[in-house]
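Asker: Here is my input; please provide its structure:
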Amino acid sequence: MTERIAVLGLGYVGLPVALAFARKFAGTVGFDVDATKVAELARGHDRNGEVSADELTKSALEVTSDLARLADATFYVVAVPTPVDENHVPDLGPVVRASETVGKVLRKGDVVVYESTVYPGVTEDVCAPILARVSGLAREDFKLGYSPERINP
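Answerer: The predicted model follows:
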């Protein structure tokens, strides 16, 4: 089986990560639920101004909002936002929804790495059970990791 990487969340963290992977790994897919953002990226426009039009248009990165394009991936990077409210309580909704999305296409032996900013325990206690429930896999059937983002907004 050919290894294929999918990055979920094409914002200020996910887009540069996806482009970096695409430089080294053919078939890298960048996924975002915002179809308008995906269309803009496909035309070479990054609304966050993190990436130049030239880099976007010359990249081998496939950008999509089509879940079916994730089905061939074996390695998933989740880089969705985790906004906080006025009391600094994080909204895990985007991470939960991204976990459900990955769970729909997750297969035995796949790897999922979270790069979203979350508090200790979220990856194992929140994300892992969602991945297992939605995919129907046992927790031991897939690898799970956390790599904190290295970009300060």
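Asker: Helices of this structure, start to end?
Answerer: Secondary structure of the chain by DSSP state H: the helices cover 14-24, 35-42, 53-58, 93-105, 122, 128-135.
Asker: Out of the ones you listed, which gets nearest to residue 144?
Answerer: helix 128-135 (5.6 Å; Cβ to Cβ). To be clear about C-beta, it is placed using only N, CA and C from the backbone, and glycine gets the same treatment.
Asker: What are the buried residues along that closest one?
Answerer: 128, 130-132, 134-135 (16 or more other Cβ atoms under 10 Å).
Asker: possible to save those residues as a markdown table with distance to residue 103 and pLDDT?
Answerer: Output for those, formatted as a markdown table (distance: Cβ to Cβ, whole Å; pLDDT from 0 to 100):
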| residue | distance to residue 103 | pLDDT |
| --- | --- | --- |
| 128 | 10 | 98 |
| 130 | 6 | 99 |
| 131 | 5 | 99 |
| 132 | 8 | 99 |
| 134 | 3 | 99 |
| 135 | 5 | 98 |
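Asker: any idea how far the most far-flung residue of the chain relative to its centre is from residue 81?
Answerer: Distance from the C-alpha centroid of the chain peaks at residue 87, with 26.5 Å (Cα atoms, centre = their mean). For residue 87, the distance to residue 81 equals 17 Å [Cβ to Cβ, to the nearest Å].
Asker: Could you do residue 29 as well?
Answerer: Remark: distance between residue 29 and residue 81 (Cβ to Cβ) = 19 Å.
Asker: Next: residue 129.
Answerer: 21 Å.
Asker: ok, residue 87 to residue 120 distance?
Answerer: On the measure of Cβ to Cβ, residue 87 and residue 120 end up 19 Å apart.
Asker: just checking, residue 5 touches residue 75?
Answerer: Yes - taking contacts as Cβ atoms under 8 Å, residue 5 lies within contact range of residue 75: 4.8 Å.
Asker: Of the two, which one has the most company?
Answerer: More neighbours surround residue 5 than the other of residue 5 and residue 75, with 23 against 17 (other Cβ atoms under 10 Å).
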